[in-house]
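1. Quick check, what structure comes out for this input:
(one chain, ligands or ions: 2)
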Amino acid sequence: MAFVTDCGILERGLADSALAGLKEHGIDVWVFSDVVADPPEAMILAAVEEARRQVIDGVVSVGGGSSMDTAKLIAVLKDSQQALPEIYGVGLVSGGRLPLVLAPTTAGTGSEVTPISIVTTGTAEKKGVVSPQLLPDWAVLDATLTTGLPAAVTAATGIDAMVHAIEAYTSRHKKNPLSDCLAREALRLLSANIRTACFDPGNIAARSDMLLGSMLAGMAFANAPVAAVHALAYPLGGHFHVPHGLSNALVLPHVLEFNMPEAIELYGELAPIIFPGLAGRDPQGRAAGMVEGLRALAPQLGMQDKLSQLGVSHNHLPMLAADAMKQTRLLVNNPREMTYEAALAIYAAAL
Ligand SMILES: NC(=O)c1ccc[n+]([C@@H]2O[C@H](COP(=O)([O-])OP(=O)(O)OC[C@H]3O[C@@H](n4cnc5c(N)ncnc54)[C@H](O)[C@@H]3O)[C@@H](O)[C@H]2O)c1
Ligand SMILES: [Fe+2]
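-> Ligands and ions are numbered 1, 2, ... in the order given. Got it, this is the predicted structure:
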């Protein structure tokens with residue numbers, strides 16, 4: 001059995017009970033703990049190569065999105081003739097995979113229920129493998145794994161999950177009644193608990209709701225894919241190693257403002273779920289209140305809220321906008337058509 005995680009998870013003892021359980025059942029385990037955040041292609045290829053030398057009949061992962069995404073690709077590529085670059089894109093995986101069990105330690109990506117793995121290629125570009133084979137056999141939610149998450153990681157990963165739900169709710173082509181239900185319930189759980197999870201980290205009820213919320217948000221965007229917030233966030237992760245959730249938070253209010261002409265009605269529906277105090281306003285007032293509330297949320301949770309705080313300067317903006325425009329897989333889902341000029345203006349506003 002392959003056990004995929006990162007060294008921080010191992011050091012914190014978060015993998016101990018899962019490893020002990022496997023041992024108790026006499027299962028031989030090969031531990032791969034070299035996962036790096038925002039998994040680089042070279043790391044995935046090295047993991048797959050090593051996995052091919054091992055006797056493995058399944059893959060278990062305990063970790064954040066980076067570990068789970070790596071585990072999914074090991075399960076798919078271990079016995080495959082396909083090279084990793086051949087499967088970037090939608091529906092390009094042929095063949096099956098090894099049995100796969102995923103247990104998240106962050107309440108964020110929802111990777112435990114999505115058919116997606118995100119890889120950082122040599123050019124600092126984030127590419128997605130999107131195929132049904134990447135859905136696991138089991139997703140195991142254990143809130144005790146998340147009580148040790150530092151506030152900064154709780155906030156960033158929690159906002160990532162909220163963005164999954166918001167973008168699923170306004171996704172242009174595949175939004176449907178089921179993804180809407182999942183997105184609304186995810187947002188209710190995440191919005192009501194993100195502050196408690198950050199400031200009272202041992203609160204197991206809040207942690208459970210965050211984990212459930214992030215999973216439901218994962219199911220929502222597995223059906224109705226995410227859009228421009230993620231497309232503009234990815235180049236920040238690729239070039240500046242900004243954590244995925246933080247990069248989403250940095251561009252979120254600016255992308256929502258840009259989308260407003262096309263998405264005002266849907267934002268108006270979500271607003272009172274995220275901020276119950278907005279319920280009395282008219283749809284326009286609710287949508288505007290939601291954008292303002294989300295703009296205020298990042299600093300309230302102790303997060304940076306300007307690109308300049310992370311080493312980004314004016315000179316970088318054309319490169320970021322050009323890279324964001326390469327995320328065509330995501331941009332087609334945006335409620336308003338994104339252009340290079342609009343992306344540039346959004347980054348400038350976020351600076
Ligand atoms: N597959 C998908 O559907 C999907 C969706 C969204 C994002 N992603 C990808 O997931 C990755 C981000 O994953 P992530 O945000 O979960 O973080 P991560 O897996 O990159 O981990 C970030 C850091 O948090 C630490 N950490 C994780 N759990 C911890 C815990 N319980 N206590 C203390 N520290 C802990 C890790 O050791 C690591 O140092 C990115 O590559 C992103 O592109 C994938
Ligand atoms: Fe995300």
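2. where along the stretch 51-200 of the chain do the strands fall?
-> Assigned by DSSP state E, counting those that start in this stretch, the strands in the stretch 51-200 of the chain fall at 59-63, 89-90, 100-104, 116-120, 126-130, 138-139.
3. can you check the stretch 251-351 of the chain too?
-> Under DSSP E, counting those that start in this stretch, the stretch 251-351 of the chain gives no strands.
4. And the residue of it closest to ligand 1?
-> residue 330 (11.4 Å; CB to the nearest ligand atom). All C-beta atoms are positioned from the backbone trio N, CA, C, and that covers glycine.
5. ok, back up a step: name the stretch among the strands of the stretch 51-200 of the chain that sits most buried.
-> Of all the strands of the stretch 51-200 of the chain, strand 59-63 has the most neighbours on average by mean count of other CB atoms under 10 Å, namely a mean of 29.
6. what angle sits between it and strand 100-104?
-> Here the directions of strand 59-63 and strand 100-104 differ by 10 degrees (axes from the mean of the first three to the mean of the last three CA atoms, to 10 degrees).
7. how about residue 201, secondary structure?
-> Here residue 201 is recorded as coil under DSSP: H, G, I helix; E, B strand; the rest coil.
8. neighbours of the closest residue to it other than its chain neighbours, just the number please.
-> Leaving aside its chain neighbours, residue 201 sits nearest to residue 147 (5.9 Å; criterion: CB to CB, 6 or more residues apart in numbering). As a burial measure, residue 147 scores 14 neighbours (other CB atoms under 10 Å).
9. contacting residues around residue 147?
-> By CB atoms under 8 Å, 6 or more residues apart in numbering, residue 147 lies in contact with 201-202, 204, 207.
10. same thing but at 10 Å, please
-> Neighbour list for residue 147: 154, 197, 201-204, 206-207 [criterion: CB atoms under 10 Å, 6 or more residues apart in numbering].
11. Determine which two of the residues you listed are furthest apart.
-> Farthest-apart pair in these is 154 and 204; separation 13.6 Å (CB to CB).
12. so what's in contact with those two at the same time?
-> Shared contacts of residue 154 and residue 204 (CB under 10 Å, 6+ apart): 146-147.
13. the more surrounded of these two?
-> Set residue 154 next to residue 204 and count neighbours by other CB under 10 Å: residue 154 wins out with 29 against 11.
14. Quick one: name the residues of this protein near ligand 1.
-> The chain comes close to ligand 1 at residues 6, 8-9, 12, 14, 37-39, 63-67, 69, 105-106, 108-111, 114, 116-118, 145-146, 148-149, 153, 157, 244-245, as judged by CB under 6 Å from any ligand atom.
15. now with 5 Å?
-> Residues of the chain lying close to ligand 1 (CB under 5 Å from any ligand atom) are 6, 8, 37-38, 64-66, 69, 105-106, 108-109, 111, 114, 116, 118, 148-149, 153, 157, 244.
16. buried residues in stretch 268-276?
-> Using 16 or more other CB atoms under 10 Å as the test for burial, stretch 268-276 gives 268-275.
17. so, if you compare the residues you listed, which one comes nearest to residue 193?
-> residue 274 (12.0 Å).
18. And the residue nearest the centre of the protein?
-> Nearest to the mean C-alpha position of the chain, by CA atoms, centre = their mean, lies residue 109 at 3.2 Å.
19. Residue 159 is in contact with that one, correct?
-> No: using CB atoms under 10 Å, residue 109 is not in contact with residue 159, being 11.8 Å away.
20. joint contacts of those two?
-> 244-245.
21. Residue 215 versus the residue nearest to the centre of the chain, what's the distance?
-> Residue 109 is 10 Å from residue 215, where distance means CB to CB, to the nearest Å.
22. Contact partners for the closest residue to ligand 1 within the stretch 151-300 of the chain?
-> The minimum distance from the stretch 151-300 of the chain to ligand 1, using CB to the nearest ligand atom, falls at residue 244 (4.0 Å). Neighbouring residues of residue 244 by CB under 10 Å, 6+ apart: 37-38, 64-66, 106, 108-109, 118, 126, 156-157, 159-160, 163, 230, 233-234, 236-237.
23. what do you get if the cut-off is 8 Å, keeping everything else the same?
-> Neighbouring residues of residue 244 by CB under 8 Å, 6+ apart: 38, 65, 108-109, 156-157, 160, 233, 237.
24. Most neighbours among these, which one?
-> Ranked by the number of neighbours (other CB under 10 Å), the contacts of residue 244 place residue 108 first, at 34 neighbours.
25. Could I get the pLDDT score of that residue?
-> As predicted, residue 108 sits at a pLDDT of 92.
26. Spatially, what comes nearest to it if we skip its sequence neighbours?
-> residue 157 is the one closest to residue 108 (CB to CB, 6+ apart), at 2.8 Å.
27. hang on, that neighbour packs against residue 37?
-> No: in this structure residue 157 lies outside contact range of residue 37 using CB atoms under 8 Å: 11.4 Å.
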